[in-house]
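[1] Here is my input; please provide its structure:
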Amino acid sequence: MSSIYDALQRLQQAGGEDAKPLPLNLRRRRPLKPAVAAGIVALSVGVIVAVALLVIHLAHPKSAQPIRVQPAPVSQSLGPAPASNQPPVVNDPAAILAEARQLKAQGDLAAAAAAYKRLVDKNSDDLDVYLELGALQVGAGNLDEAMVAYDKGLSIHRDEPRLLNNMGTILLKKGEFSSAAGYFEQAQAKAPDYVEPVYNQACAYARLGEKRKAMALLKKACAMNPAAASWAAGDSDLKPLAGQPEFDALVNG
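    Residues are numbered from 1 along each chain as shown. Coordinates of the predicted model:
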C-alpha cells in the first residue's frame, strides 16, 4: 500500500539532490484575531474566578448563607385610654372659690392658695379672691406672696380701701413704716369711716417715733370703735407709747 508519505518521498527523489524536502503539513498557521484572543482570555479569567468562588464557598459555607432581616414588629393598637381616677378640672370661678374656701377651712392652706391663684390667673374681678388669698398668705408667713395678691387686686380694683389697708399692713410687718403709713392714709381718704387704717396709722407713726401723732390717731380710732383700745393693749407696734399717761389711761380704762 502506498501512502501519501511514500508519494512525497518519490517526488523528492525525482527532483534530485538539490530539491528541498517538503514539509509534511503544507498548511500555514494563521495568527489568532485580537477579538478571539480577548474572548479566550476573558473566558479563562471567568473560569478561574468561578473556581475561586467555589473554593471559598466550600471552605466557608456559612458566609454564603443569605442574611435574613428580621421584620419590624407590628405595632399593636393602643385602644381607648384608661379612665383617669383624678377628678375633672373645675373651671367655674364660683366653684373654684368655693373649693378654695373649703380647703382653707380644712387647714390645707397650700391647696387653698393654689385654688385662689387659679382665679387670680384668670384675672377674676371678685374682690374677695384677692382679700382672702392675701390674708391666707399673711397667715402662712408668705408676705411677698401676699403683696403680689394685693397688688394684683389693686390693678383691678383701684383705690379699694381694704386692699390699700392690707398692703400697708404687710409693709408695717416688713419694717417699711413710712410706706405703710402712706397706704393707710390712702385707705382712710377713700373710706373715712373705716377704723382699721386710722388705727394702723397710729402703729406706723409710733414705730417712726412720732409719738404725739401716733397718740392722736389712736384716740381717734378708739372714738370710732372702742374695741381699738383692747387692740392697743397687746400691740407690739404701740410699745413706744407705753408709759405715757394718755396711753396707759386709754388701754387700762
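
[2] what's the host helix or strand of residue 164 packed up against?
    In this structure, residue 164 sits in helix 161-173 according to DSSP states H and E. The contact analysis (3 or more CB pairs under 8 Å, 6 or more residues apart in numbering; DSSP states H and E) places helix 161-173 against helix 127-139, helix 143-156, helix 177-190, helix 195-207. All C-beta atoms are positioned from the backbone trio N, CA, C, and that covers glycine.

[3] mind listing what residue 233 touches?
    If you count contacts by CB atoms under 8 Å, 6 or more residues apart in numbering, residue 233 has them with 251-252.

[4] Which pLDDT does the model give it?
    On the pLDDT scale, residue 233 is placed at 94.

[5] Quick check: the gap between it and residue 169.
    Going from residue 233 to residue 169 by CB to CB, to the nearest Å gives 19 Å.

[6] I'd say residue 228 and residue 217 touch.
    No: when contacts are counted by CB atoms under 8 Å, residue 228 is not listed as touching residue 217 (10.1 Å).

[7] Residues that sit against both of the two, list them.
    Taking CB under 8 Å, 6+ apart as the criterion, residue 228 and residue 217 both touch residue 199.

[8] Mind listing residues that contact stretch 191-205?
    Residues from elsewhere that reach stretch 191-205, judged by CB under 8 Å, 6+ apart: 161-162, 164-165, 168-169, 172, 177-178, 180-181, 183-185, 187-188, 211, 213-215, 217-218, 220-221, 224-225, 228, 231-232, 235, 237-238.

[9] on that earlier part again, out of the helices and strands packed on helix 161-173, which one sits most buried?
    Across the helices and strands packed on helix 161-173, averaging neighbours per residue (mean count of other CB atoms under 10 Å) puts helix 195-207 on top, at a mean of 25.

[10] what's the next secondary structure element after that one?
    helix 211-224.

[11] how far off helix 177-190 does that following helix point, in degrees?
    Angle between the axes of helix 211-224 and helix 177-190 is 40 degrees (criterion: axes from the mean of the first three to the mean of the last three CA atoms, to 10 degrees).

[12] circling back: buried subset of the contacts of stretch 191-205?
    In these, burial by neighbour count holds for 161-162, 164-165, 168-169, 172, 177, 180-181, 183-185, 187-188, 211, 213-215, 217-218, 220-221, 224, 228, 231-232, 235, 237-238, counting by 16 or more other CB atoms under 10 Å.

[13] pLDDT averaged over stretch 238-250, what's the number?
    94.

[14] in that stretch, what's buried?
    Buried residues in stretch 238-250, counted by 16+ other CB under 10 Å: 238, 240-241, 247, 250.
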